[in-house]
Every structure is written in C-alpha cells, then in structure tokens.
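Participant: test case, fold it:
(2 chains)
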Amino acid sequence: MAEVLAPLAGKILAVLVEPGAKVEEDDELVVIEALKMENTVYAPSDGTVKEIKVKVGDSVEDEDLLIVLE
Amino acid sequence: MRPYFEKMPGFGKALKENRIARTQESRTKLEAIEAEIAVAKKAAEEVGIPAAKINERGGLTVYQRLEYLVDPGTWQPLHSLYNPADNEEGTTNVVDGLGKIGGRWAVIIGFDNKVLAGAWIAGQPDNILRVTNLAKRLHIPLVWLVNCSGVKLPDQEKFYADRRGSGAPFFRHAELEQAGIPVLAGIYGTNPAGGGYQAISPTILIAHKDANIAVGGVGIVSGMSPQGGFDLAGLEQLIANTRDMKNKPPGSASTHYDATGFFTRVCDEEKGVLDGIKEYMRMIPAYDPKFFRVAEPAEPTLPQSDLYHLLPFNQKSDYSFDDILARLVDGSEHMEFRPGYGPEVYTGLVKIDGMLVGAIGNRQGLLPKGYPEYADYPGIGGKLYRQGLIKMNEFVTLCARDRVPVMWFQDTTGIDVGDIAEKAELLGIGQSLVYSIQNADIPMMLVVLRKGSAAAHYIMGGPTANRQNAFTLGTAATEIYVMHGETAAVATYSRRAIKDKDSGKPLEPLAQKMNEMAQKYYDTSRPAYCARYGFVDEIVDLKALRGYLKAFAGAVYQNPKSICPRHQMLLPRVIKG
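Facilitator: Residues are numbered from 1 along each chain as shown, chains lettered A, B, ... in the order given. The predicted structure follows:
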C-alpha cells in the first residue's frame, strides 16, 4: 500500500488515472497547478489505483492525500 | 581515461504510453509551428528573381552554389529569417550557416544574387558581424560567396555609416586573419565599392571570369563630378559615358589577375570557383576528429522523435530535462556533476559525435522539499536559486580549465526574487556566473528550449555573452521576453489601478490596456519574431537539433586554440569523487 500525497498546496488540474488502473513507478497520476506552473505527481512505485481522493478543481494543501495505491 | 568516457552511465527514461497519449495535442502544436517556420524559410529562399532566370543567364543562385560547395548532409543554416530592419525584401540578403567543405567545418556566407544583385541592405552588417564572430569563436575558416552590387542606394542612411555599419565586416575580416583564421572568397558578378571591399578583404580570392571588383563601379565612375543638378544635356552625357563604361567595367578579372594579381585564380566555370574553394579548404589545418574523440560516435539510444512528447508546448507544463538531453547525446550517456546539489539545474559531461561536451540545463517541476535551503517557500524548476547558481559557476569554471565546450539549454523564468533571495546573495552569485563565463574563454552554444526570461536569459550563456556564445537556437516552443506579459502589465499598471480606483474612474479601460500589453508581449516573443529580430540565430525543428550539436562539437574540436590532455582533466575526477 502506498499513499500519494500532494507535494505542495495548489489546485487539481487533472487526474490522469482511474480506480483499478495498473500503474508503474513514475507513471503520471495527477497534475497540480501551483506557483504558476502545472506540476505532475508521479507514482512512487508499481501498483494498482485503489482509491482517488481528489477531483479536478479541488484545492489541496501540502501533504493532502491524493491517491492510494496497492 | 578510457574507463571514464568510453562507457558513461546511461540516463533518460523510455516514454510511457500515457505520456504519449496525453501529449499528442502538444506534439501537433509544436509541429504546426515548425511547419509555419518552414514555410517562412522557403519564402525567404525564393525572394527575388526566379532561379530559372539566373540559370538562363548562365549563372547559379547562391543556394545552388551552396549545394555544390557544401558536403552533403552537413549544412546547418543560420539566420534564415533574420530581418531586424523589416526590409521589404524579407531578408538581410545574405545566406549563412555552418557546413563542411572538403571534410572541414567552415562558417559559410553568401550574398543572395537573386535580390538586387546581392546588394547591401539594412540589417545585413549585423548579420555579417554575427557570422564573423562565429568564425572567431569556433576558430574555423570563414568562406564567402561574394556577389555584391554594393549599397542599395535609396536606403544607404540605414546601414552605410555607424559603428556597426557595412564597413565593420572588413575590419572583422582583418581581425580573423590576425587570429590565424583564413577567409576564403569565391567571387562572382559585379562587385563595385562596398562589393569591392567584400571581395578584397578575404585571404584567398578565387574569381569567376566575368567577375569584377572595384573601388567604384560603372555607375559612379561615369557619373562623377557633380554639376549642381541634372538637365537634359547632362543626362545625354551620362548615357554616353555609362554605355562606354559598361563594355569594360573597372576591376575586371583580367585587371585583377594579370595586372594586380589580387585574384589567386580565375575560373571559366561557376563551379570551378567552388572547386577552388574546396581545394583551399583541404589545405587548411584541421585535426582528424579521432584526435579528440573520447569514444566512438554513437547515436542516442533513446529516439529523438520522443522530443515532441517530452517538451511541452504549454509553457506551464513541467517535464524532465534529463529525458530531453538523453535524446540528444551519444549513447544516451552522461556523467552528472553534483547531482544532489542545486537540483533546479542539470550540469554534466556528455559526448557529441564522440567528443566531450559540457551540458547545462534548467530542470522543471517541483524541487525536493526544503529547497531552496535559505527560504521557507517551495522551490520550482525553471527558477534559479543559490545552489544552482553556485553549481553552474563551478561547472563552467571546471569546463574552462579542461577546455571542454559548453552547451546551454534554457527554459527559465528567472532568478528567485525577494529580500530573502537578496540575503542569499543571488544578485551577486548571478553576476559571478557572468564573470565565470567571460573568464572561461571556451566556445558555448545555447538552445532556448522554451522560456528565455529575465536576467537568467543573460547569465545562462545567452547571446549577450557575445564573446563566448557562438550561436543560439530556438524551438517551436521558444518564448523570449524580460518577463511574462501579464506580469509586465501588473508591474506597469498596478499603481495606476489604485489611483483610478481611488478617484472613482471606471477600471475597464485600464483592464483593456493591460490585456493589450500582455498580448503585445505574446506577439513579440514568438519563435518567428525571435528569429526575425535576432534573439536567436535560428529556429530549429526538434528532430534537427542534434545536427547543430554535432556541427558545434565538430567545429570546436577542428582546430582549437588551446587543449587539455584528457588524462590531465580535473572535471571527470571531481565527478567521480
């Protein structure tokens, strides 16, 4: 089980995976708009997307839970 | 040093399917801009008299001469869209680039004989100075295809005089010759006055039989001695004089071969002149590339076509610079310098065509937590912080010590700002990088991958490093300005907004002004604009970038002014630890 956390505060611009999707390490998961840039959050390890905690337009704080991988 | 260089660590990751799918639209946009640039370049090539007409007269166009002269597959054009004075001709009337002749690299430039018989026009002196500077920086021959009718007389006030006016290239030719850099000239057609000096200032002059070079041409000689005005009798006399002079213009091939001996050779055929240049090029000192190769040349193991999915068209999207560099360098191998330090910047040694080159580039995206170490706010790629600036200073200095040329890759929004950044000495360390670059005295080139902005555009080996930067390339994603247009509008109008608000004025007109300013910034920072006004020396397709890197490395190592034995290099040892 791996928890993918927001690396910084910002707004969710895109969620690039769906529940049940198999992902590999470094696959793109989420894009957060912050500091005038669109910042990609990558999978920390191989796994399957168990749960997505955010949707497009959400505001997140630093270290908020974004996705759960198993 | 074989263990260091023969097989360096591999880097760069293969493209993932979801990235390819997600970036398809970006790829389409990049390719659309590349197609627009290609159309503009084609239009610049076709300006003037049609090639068929020149051929009917028994001559070749400058492009046909270049095609015959330059070794196949080596031509890397520069300044194709350069037209800083907005000439109606759409060009500066010279065509130039890097190419091999007889197996040796040269900077090559020729007058476009389809346009006003190769006249001097506005913006041209600056184009020529870029070219002479390039030959000097790379220490390789300059080859001229002279076919110059002299000043476009109705426009003379725009370029004849001034410190960087049309006479400056003659002094630059002398400067090159003093530095041991030969200037070879193939001479065609009528070259009076300015054209005469274009032809006489090079080192070796090879002329076509119908060429002439002179202090003054028919037009001047037959019309000297001003009478204070024109009348019919004067015009009749002028017509008679001109007819007479046209039969035997001053400075013909026979005059300058038989009488003065200025011409080394006179050729009956146009191609004979070019064969002569090839022959002289083969006499010029050049190392066999093997002398400096640290490994066998190899193509990148990761495909260059991936670049279209790695470099986002969207200026806000992040990406991996390391993945881009891995598509451009031999074997997709490198030796990274200080990988854990200054994470916003990549610095490392790579190989191009088997030769050692330093690479520096902005990384994008989020930086590790706690960086920059001097601030309580997060760091973001594209910006420069204290460690990154120090690292670039160190890397450039070590490259200079080891005589390793440097390729810069910019995608920068600038140096960190604010009082915390000031206390972290960023202003001073940024200027230290300027000092380090100027102190290096090694050839450098720059690719503005996407953004070139703020002072970072200067200090990261930008074209303002006149003596070090050999040339600067842009891509379909390039955008160059002092700051983003919206930021500039805020900086310009924020006080006015307060004033208008406090005095009860409607704010809509101000908003419109701010939008107009942002739009102007956008319009004047596009790739074609950057090429036209010389912010870059060429906009290059992503798939063609490596060709320029190979030309740069090959030219730098052809006949370098100074060398460092590879077993005495320090930088690879510092990297190894």
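
Participant: use CA for all of it now, contacts and neighbours both
Facilitator: Fine.

Participant: which stretches of the stretch 101-250 of chain B form helices?
Facilitator: Shown for the stretch 101-250 of chain B, the helices assigned by DSSP state H, counting those that start in this stretch span residues B:124-138, B:168-178, B:194-200, B:218-221, B:232-247.

Participant: just give me the lowest mean pLDDT stretch among these.
Facilitator: Per-stretch mean pLDDT for the helices of the stretch 101-250 of chain B is lowest at helix B:218-221 (a mean of 65).

Participant: next SSE downstream of whichever strand or helix holds residue B:346?
Facilitator: Assigned by DSSP states H and E, residue B:346 belongs to strand B:345-352. Downstream of strand B:345-352, the next assigned helix or strand under DSSP H and E is strand B:355-362.

Participant: close to chain A, is that next one?
Facilitator: No. Strand B:355-362 is not in contact with chain A by Cα under 8 Å from any Cα of the partner chain; minimum separation 14.5 Å.

Participant: stretch B:305-323 now?
Facilitator: Yes. If you take Cα under 8 Å from any Cα as the test, stretch B:305-323 does meet chain A, through B:316-318.

Participant: list the contacts of residue B:51.
Facilitator: Residue B:51 is in contact with B:60-61, B:114, counting by Cα atoms under 8 Å, 6 or more residues apart in numbering or on different chains.

Participant: now do 7 Å
Facilitator: Shown in contact with residue B:51 (Cα atoms under 7 Å, 6 or more residues apart in numbering or on different chains): residue B:61.

Participant: so which of the residues of stretch B:305-323 next to chain A is the most crowded?
Facilitator: Highest neighbour count within those, by other Cα atoms under 10 Å in any protein chain shown: residue B:318, with 22 neighbours.

Participant: what about residue B:259, neighbour count?
Facilitator: Neighbour tally, residue B:259, other Cα under 10 Å: 11.

Participant: and it, how close does it get to residue B:563?
Facilitator: 44 Å (Cα to Cα, to the nearest Å).

Participant: returning to what we had before: who does the strand holding residue B:346 touch, helix- and strand-wise?
Facilitator: Packing partners of strand B:345-352 (3 or more Cα pairs under 7 Å, 6 or more residues apart in numbering or on different chains; DSSP states H and E): strand B:335-336, strand B:355-362, helix B:545-556.

Participant: okay, which residue is most central for chain A?
Facilitator: The residue lying closest to the centre of chain A (Cα atoms, centre = their mean) is residue A:30, at 3.9 Å.

Participant: that one in helix, strand or coil?
Facilitator: Recorded secondary structure, residue A:30: strand (DSSP: H, G, I helix; E, B strand; the rest coil).

Participant: ok, and the closest non-adjacent residue to it?
Facilitator: residue A:15 (4.6 Å; Cα to Cα, 6 or more residues apart in numbering or on different chains).

Participant: contact partners for that neighbour?
Facilitator: A:29-31, A:55-56.

Participant: quick check, pLDDT for it.
Facilitator: Note for residue A:15: predicted pLDDT of 95.

Participant: picking that back up, quick one: closest of the helices of the stretch 101-250 of chain B to residue B:524.
Facilitator: Closest approach to residue B:524 among the helices of the stretch 101-250 of chain B (Cα to Cα): helix B:124-138, 20.1 Å.

Participant: quick one on the thing from earlier: which of the residues of stretch B:305-323 next to chain A fall in helices?
Facilitator: Using DSSP state H, no member of the residues of stretch B:305-323 next to chain A sits in helices.

Participant: returning to that earlier point: partner strands of the strand holding residue B:346, parallel or antiparallel?
Facilitator: In the sheet, strand B:345-352 lines up against strand B:335-336 (antiparallel), strand B:355-362 (antiparallel) (DSSP bridges).

Participant: got these as CSV, with mean neighbour count columns?
Facilitator: Shown next, in CSV, are the strands paired with strand B:345-352 (neighbours: other Cα atoms under 10 Å in any protein chain shown):
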stretch, mean neighbour count
strand B:335-336, 22
strand B:355-362, 25
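
Participant: of those strands, which is nearest residue B:125?
Facilitator: Here strand B:355-362 is closest among the strands paired with strand B:345-352 (Cα to Cα), at 31.4 Å.

Participant: tell me the contacts of residue B:29?
Facilitator: Counted by Cα under 7 Å, 6+ apart, residue B:29 has contacts residue B:313.

Participant: and it, helix, strand or coil?
Facilitator: helix.

Participant: residue A:53 reaches residue A:60, doesn't it?
Facilitator: No. Counting by Cα atoms under 7 Å, residue A:53 stays clear of residue A:60, with 10.4 Å between them.

Participant: of those two, which one has the most company?
Facilitator: Comparing residue A:53 with residue A:60 by neighbour count (other Cα under 10 Å), the higher total belongs to residue A:60, at 19 against 12.

Participant: for that one, give its distance to residue A:40.
Facilitator: Applying Cα to Cα, the value for residue A:60 to residue A:40 is 14 Å.

Participant: now do the contacts for residue 70.
Facilitator: This is for chain A. A:1-2, A:47-50.

Participant: meant chain B, my bad for not saying
Facilitator: Residue B:70 is in contact with B:99-101, counting by Cα under 7 Å, 6+ apart.

Participant: list buried members of the contacts of residue A:15 by neighbour count.
Facilitator: Neighbour counting with 16 or more other Cα atoms under 10 Å in any protein chain shown marks A:29-31 as buried within these.

Participant: shaky segments in the stretch 401-550 of chain B?
Facilitator: Of all residues in the stretch 401-550 of chain B, none has pLDDT under 70.

Participant: give me the residue from it nearest chain A.
Facilitator: Going by Cα to the nearest Cα, chain A is nearest to residue B:413 of the stretch 401-550 of chain B, at 10.6 Å.
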